[in-house]
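Asks: Predicted model and sequence follow; I will ask about them next.
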Amino acid sequence: MLEALGDLDELNAAIGLASSIYQELSEELSKVQAHIFEISSEIAGFPQGFNDEKVSEIERLLNKYSSGLPVLRNFVLPSGHLGATALHLARAICRRAERRTVSLLKLGRCSPLHVKYLNRLSSLLFVLALWINYQRGIEERVWRGRK
């Protein structure tokens, strides 16, 4: 449990960093930070009433920010604008937090909703990174793999 709480704390700090760098997203990211605190509190045993509406909020943001983005046909390297790079880092931390909560879920120590939220959040953080680069006219660096 402590590892999951630590990962969620690290995630919250990384999102705060991204929000400070790219303030145009600070309102949305501030809400996400509050949601992460709710998840952390519930995992620690203090019910907060975390519900499906929080997941729906993330999915609405995903739709909002992904519409208009070019279709990806390759993996992209985490890079570009500093705010985008910070969001890529937050996404990686979010994926780790998700893995830890899956372990807790198997032990009955968290809700499936917590895992679902973190899964959708990692997608949102990725999309927001792409969106920042797109807004700034920064082309994504595509990973080509072996030729």
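Replies: That came through, no problem. For clarity, every value in this text was computed on a predicted model and none was experimentally measured. Numbers count the residues shown, from 1 in each chain.
Asks: Show the contacting residues for the residue lying closest to V76 once chain neighbours are set aside.
Replies: Of all residues not flanking V76 in the chain, E140 sits nearest, at 4.3 Å (C-beta to C-beta, 6 or more residues apart in numbering). Heads up, the C-betas are built off the backbone N, CA and C, glycines and all. E140 sits next to 72, 76-77, 79-80, 130, 133 when contact means C-beta atoms under 8 Å, 6 or more residues apart in numbering.
Asks: sec struct for E140, please.
Replies: coil (DSSP: H, G, I helix; E, B strand; the rest coil).
Asks: do you know how far it is from G80?
Replies: Noted for E140: a distance of 7 Å to G80, by C-beta to C-beta, to the nearest Å.
Asks: What of Q33?
Replies: 23 Å.
Asks: and these two? which has more neighbours close in?
Replies: More neighbours surround G80 than the other of Q33 and G80, with 21 against 17 (other C-beta atoms under 10 Å).
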